[in-house]
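In: below is the sequence, then the predicted model.
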Amino acid sequence: MSHSAASLTMTRSGGDAAIAAAALTVKLGRQPVLHALDFTLPPGRITGLLGPSGSGKTTLMRAIVGAQRISAGTLTVLGLPAGTPSLRRQVGYVTQSPSVYPDLTVQANVRYFGAMHRKGKADVAEAIAAVGLGPLGRRKAADLSGGQLNRVSLACALVAHPRLLVLDEPTVGLDPVLRADLWDRFRAMAEAGTTLLVSSHVMEEASRCETLLLLREGRLLSQLTPAELSQRGHSSNLEQAFLAIIREQEAYDGVSPPAQASTRSRDTGVTKQHGSVR
Ligand SMILES: Nc1ncnc2c1ncn2[C@@H]1O[C@H](COP(=O)(O)OP(=O)(O)OP(=O)(O)O)[C@@H](O)[C@H]1O
């Protein structure tokens, strides 16, 4: 994949980023769930969003697609504030629980979402084939397995050809062959210019991403490449490497003076805010 030095420079400054967050804070009720996140994601890349259960991945994705109001800071998506109505046509979001019409067939579901974006028969057939559901096109969604339903949901997002595709655990319930096929598909989409943000619990999948955002307890532990994760966590096994970074951070938290206003971890690059030490 080729990315010009000029475009990378623009991205680093935030000017050409697909997603740019600055001091992004989200509270659910009174509870802060995302704490002053700063990052930019380049366009036309696959970014993996990784973190333990409850670390804030879904909340961040919901904020990006405009489904979650932000409490402070800024969040810019494709050059516009997240939630701007015109972004709806450009941003696809596939949630963990499939959002399809159970009484409609696979084809009718994808056709329905395709029609909203003025997509025709060929796009519908292509999206269904991409998720390996060609042979089941005429089957009612209600009569599909859980993994198949997830794939219908994904096809409904793919058919729109969004510029940004946000996927919450898209490969859950898929067998290894389908999983590999889908990742090939994601890579091809990124090559064609689509930006993908993919959350996953499967650390093996992290190696398929170009950039990783590591979240822990609503804080950005690090933004790095899989190779950097492996190096920093001292393991070629990314799961082990991630665990090592989390433990390192916990050890760092444990020795930090509690009243410190804002410090930066040398190793993980985590900025710790006032009063955040646990
Ligand atoms: N309505 C709410 N009010 C208060 N806290 C909430 C609310 N909804 C979620 N949370 C909390 O926000 C935190 C982040 O939740 P989120 O769903 O974003 O995590 P996640 O990383 O996607 O988790 P998982 O991997 O288990 O899906 C969790 O601690 C969760 O308990």
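Out: Nice, I can see it. These numbers were taken from a predicted model, which means no experiment stands behind them. Residues are numbered from 1 along each chain as shown.
In: show me where the stretch 51-200 of the chain has its helices.
Out: 57-64, 106-116, 121-130, 146-158, 176-191 (DSSP state H, counting those that start in this stretch).
In: packing partners for the third one?
Out: Going back to what we said before, that points to helix 121-130. Packing partners of helix 121-130 (3 or more C-beta pairs under 8 Å, 6 or more residues apart in numbering; DSSP states H and E): helix 106-116, helix 146-158. C-beta here means a position set from N, CA and C on the backbone, and glycine is covered the same way.
In: state whether Leu243 is indeed within a helix.
Out: Yes - assessed with DSSP: H, G, I helix; E, B strand; the rest coil, Leu243 lies in a helix.
In: pull the contacting residues for it.
Out: Leu243 sits next to Gly233 when contact means C-beta atoms under 8 Å, 6 or more residues apart in numbering.
In: show me the shaky parts of this structure.
Out: Along the chain, the parts satisfying pLDDT under 70 run over 1-15, 255-278.
In: for it, list the residues in contact with the ligand, please.
Out: Residues of the chain that fall close to the ligand, judged by C-beta under 6 Å from any ligand atom: Leu28, Gly29, Gln31, Val33, Gly51, Ser53, Gly54, Ser55, Gly56, Lys57, Thr58, Thr59.
In: and those, which of them are in strands?
Out: Among these, DSSP state E puts Leu28, Gln31, Val33 in strands.
In: any chance of those in TSV, plus neighbour count and distance to Arg89?
Out: Compiled in TSV, those are given as follows (neighbours: other C-beta atoms under 10 Å; distance: C-beta to C-beta, whole Å):
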residue	neighbour count	distance to Arg89
Leu28	13	27
Gln31	8	32
Val33	20	28
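In: most packed of the helices and strands packed on helix 121-130?
Out: Across the helices and strands packed on helix 121-130, averaging neighbours per residue (mean count of other C-beta atoms under 10 Å) puts helix 146-158 on top, at a mean of 23.
In: now for it, which elements pack on it?
Out: Against helix 146-158 (3+ C-beta pairs under 8 Å, 6+ apart) you get strand 91-94, helix 106-116, helix 121-130, strand 164-168.
In: tell me the angle the longest one makes with helix 121-130.
Out: Angle of helix 106-116 versus helix 121-130, following axes from the mean of the first three to the mean of the last three C-alpha atoms, to 10 degrees, is 130 degrees.
In: who's in contact with helix 106-116?
Out: Contacts of helix 106-116 (C-beta under 8 Å, 6+ apart): 100-101, 104, 120, 123-124, 127-128, 133, 136-139, 141, 144, 152, 155-157, 159-160.
In: buried among those? Make that a PyMOL selection.
Out: To isolate the buried ones among the contacts of helix 106-116 in PyMOL, judged by 16 or more other C-beta atoms under 10 Å, type:
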select buried, resi 100+104+123+124+127+128+133+136+137+141+144+152+155+156+157+159+160
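In: please identify which of the residues of the chain next to the ligand is nearest to Leu214.
Out: Checking the residues of the chain next to the ligand against Leu214 by C-beta to C-beta gives Gly51 as the nearest, at 6.3 Å.
In: neighbours around that closest one, how many?
Out: Gly51 has 23 neighbouring residues, counting by other C-beta atoms under 10 Å.
In: do the same with Leu24
Out: Leu24, neighbours per other C-beta under 10 Å, totals 24.
In: just Thr195 next, same as before
Out: 24.
In: if I look at it, how far off is the ligand?
Out: 20 Å (C-beta to the nearest ligand atom, to the nearest Å).
In: what sits against the residue lying closest to that residue once chain neighbours are set aside?
Out: Closest residue in space to Thr195, ignoring its immediate chain neighbours: Ala18 at 3.9 Å, by C-beta to C-beta, 6 or more residues apart in numbering. Shown in contact with Ala18 (C-beta under 8 Å, 6+ apart): Leu41, Pro42, Pro43, Gly44, Arg45, Val77, Leu78, Arg163, Leu164, Thr195.
In: can you pick the most crowded of the residues you listed?
Out: In the contacts of Ala18, the most neighbours by other C-beta under 10 Å go to Val77, 26 neighbours.
In: buried residues, stretch 216-224. List them.
Out: Buried residues in stretch 216-224 (16+ other C-beta under 10 Å): Arg216, Glu217, Gly218, Arg219, Leu220, Leu221, Ser222, Gln223, Leu224.
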